[in-house]
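S.K.: Fold the following.
(one chain, ligands or ions: 1)
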Amino acid sequence: MKIKLIGTSHGLPEKDRFCSCSVITVNGSHYVIDAGVSLFSALLHNDYVCEDVKGIFITHMHADHSSGLVEFVDLMSWAKKLVRPEIFVPTVAGKLAIQMLANAMDSGSEIEMKVYSEGTVFEDENIKVTAFRTAHGASTFGFLVEAEGKKVYFTGDMKGDISDMPEFVYDDETNLIICESAHNCLPKLAEKFNVMKTDRIVINHIAPKHSIAEFEEAKPLINKPFDLAFDGMEINL
Ligand SMILES: [Zn+2]
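M.R.: Next comes the predicted model:
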């Protein structure tokens, strides 16, 4: 699978970073985690064919993860009727809010969104997506993505001590963990990172005021590849 990190910023967009959005590509199909960017525009600007997007998964409804869905749902309803990914949001309120906004723009009424909870969210011939609850808010999740024999965990937003990281990251092999850094202090988490059974950790959801300095401080303490995400970063697994 290929992963491209389109938006790697924290809650605020930065000059060189959009808010959260990652795209996973398997066998020519695309799967999007979070839409903190105007999603249709961002996919086009990154050379994705929007008709090949098969799933969109929102970790939680904070605007830096979900606001770009409005543009997407609006365009699906009138200009792009061949674009029909399955869209998964974590709350009924989120689903209704996006549908109401799209309806207020005179569109969007026929677009379906599914409300997911913990457990298997989606499975097709390419990937399986499983949701794990985090303690960042009432309905906040991380996603385990399994494809082509590889496993990647996208943490979503978490508590500062990452005590809400699911147990499997310590017990089971993963190929990659894409871990947020907006709500924690990375050097304080070094011991936890070192006992995770993963090949590589990429630090994402960057808050420039603290994440980058903390990343540099933590890096020598970590016993596995440990990288800082940037917009446009591509990872092949
Ligand atoms: Zn966030």
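
S.K.: going forward, measure contacts and count neighbours with C-alpha atoms only.
M.R.: OK.

S.K.: Tell me which other helices or strands the longest helix along the chain touches.
M.R.: Ranked by residue count under DSSP state H, the longest helix found in the chain is helix 92-104. Applying 3 or more CA pairs under 8 Å, 6 or more residues apart in numbering; DSSP states H and E, we find helix 92-104 packed against helix 69-78, strand 114-115.

S.K.: Strand partners (parallel or antiparallel) of the shortest one?
M.R.: In this case it means strand 114-115. Strand pairing for strand 114-115, using DSSP bridges, gives strand 86-89 (parallel).

S.K.: Find the centremost residue of the protein, please.
M.R.: In the chain, the C-alpha nearest the mean C-alpha coordinate belongs to Ile33, at 3.5 Å (CA atoms, centre = their mean).

S.K.: So what sits opposite that residue in the bridge?
M.R.: Ser22, Phe57.

S.K.: returning to that earlier point: what residues does the longest helix of the chain touch?
M.R.: Helix 92-104 is contacted from outside by 61, 69-70, 73-74, 89, 108-109, 111, 113-115, using CA atoms under 8 Å, 6 or more residues apart in numbering.

S.K.: Next: stretch 222-237.
M.R.: So stretch 222-237 is contacted by 1-8, 16-18, 150, 175, 190-191, 193-194, 199-204, 206, 212, 215, 219 (CA under 8 Å, 6+ apart).

S.K.: now, which of the residues you listed lie within helices?
M.R.: 190-191, 193-194, 212, 215.

S.K.: Drop anything exposed from these.
M.R.: 190, 193, 212, 215 (16 or more other CA atoms under 10 Å).

S.K.: With distance to Ala182 and pLDDT as added columns, please give those residues in JSON lines.
M.R.: Shown next, in JSON lines, are those (distance: CA to CA, whole Å; pLDDT from 0 to 100):
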{"residue": "Ala190", "distance to Ala182": "16", "pLDDT": "98"}
{"residue": "Phe193", "distance to Ala182": "16", "pLDDT": "98"}
{"residue": "Ile212", "distance to Ala182": "10", "pLDDT": "95"}
{"residue": "Phe215", "distance to Ala182": "11", "pLDDT": "97"}
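
S.K.: export these to JSON lines and tack on distance to Gly55?
M.R.: Output for those, formatted as JSON lines (distance: CA to CA, whole Å):
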{"residue": "Ala190", "distance to Gly55": "33"}
{"residue": "Phe193", "distance to Gly55": "29"}
{"residue": "Ile212", "distance to Gly55": "31"}
{"residue": "Phe215", "distance to Gly55": "31"}
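
S.K.: May I see the buried residues of the longest helix of the chain?
M.R.: Within helix 92-104, judged by 16+ other CA under 10 Å, the buried ones are 94-95, 98-103.
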